[in-house]
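Participant: heads up, no residue letters with this:
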């Protein structure tokens, strides 16, 4: 797999991770609305999910920047 293909693959995996994180946040909120969980537990779970977002987003930015650099280099050639 070329570097560009690997980067695109990583971006797609990270997008799937983001979708999963958002689904979990929605579930936590829904469960809280249904009074199935304690508010402090819901807040801790949401904080954990947000921390996961903070890890994924910089990776995606770095991958996107890498693709942009590769495209720019190809255009120069």
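Facilitator: Looks like it arrived, so ask away. Keep in mind it's a predicted model, so treat the numbers as computed, not measured.
Participant: Residue 39 reaches residue 32, doesn't it?
Facilitator: Yes: if you go by CB atoms under 8 Å, residue 39 and residue 32 touch, sitting 6.6 Å apart. C-beta: built from backbone N, CA, C; applies to glycine.
Participant: Show me which of the two is the more surrounded one.
Facilitator: The residue with more neighbours, out of residue 39 and residue 32, is residue 32; 17 against 9, by other CB atoms under 10 Å.
Participant: quick one, what contacts that one?
Facilitator: Listed by CB atoms under 8 Å, 6 or more residues apart in numbering, the contact set of residue 32 reads 39, 42.
Participant: where's it relative to residue 70, distance?
Facilitator: 44 Å (CB to CB, to the nearest Å).
Participant: Same check on residue 39?
Facilitator: From residue 39 across to residue 70, the span is 47 Å (CB to CB).
Participant: Equivalent analysis for residue 14, please.
Facilitator: From residue 14 over to residue 70 the distance is 18 Å, taken as CB to CB.
Participant: and what of residue 40?
Facilitator: The gap separating residue 40 from residue 70 is 46 Å, by CB to CB.
Participant: And residue 56, by the same measure?
Facilitator: Counting by CB to CB, the gap from residue 56 to residue 70 is 21 Å.
Participant: One more: residue 12?
Facilitator: 17 Å.
Participant: now do residue 64
Facilitator: Distance, residue 64 to residue 70, using CB to CB: 11 Å.
Participant: How about residue 59?
Facilitator: Distance from residue 59 to residue 70, counting by CB to CB: 17 Å.
Participant: Residue 76 now?
Facilitator: Taking CB to CB, one finds residue 76 at 11 Å from residue 70.
Participant: and the two? which has more neighbours close in?
Facilitator: Taking other CB under 10 Å, residue 76 and residue 70 do not tie; residue 70 has more neighbours (14 against 6).
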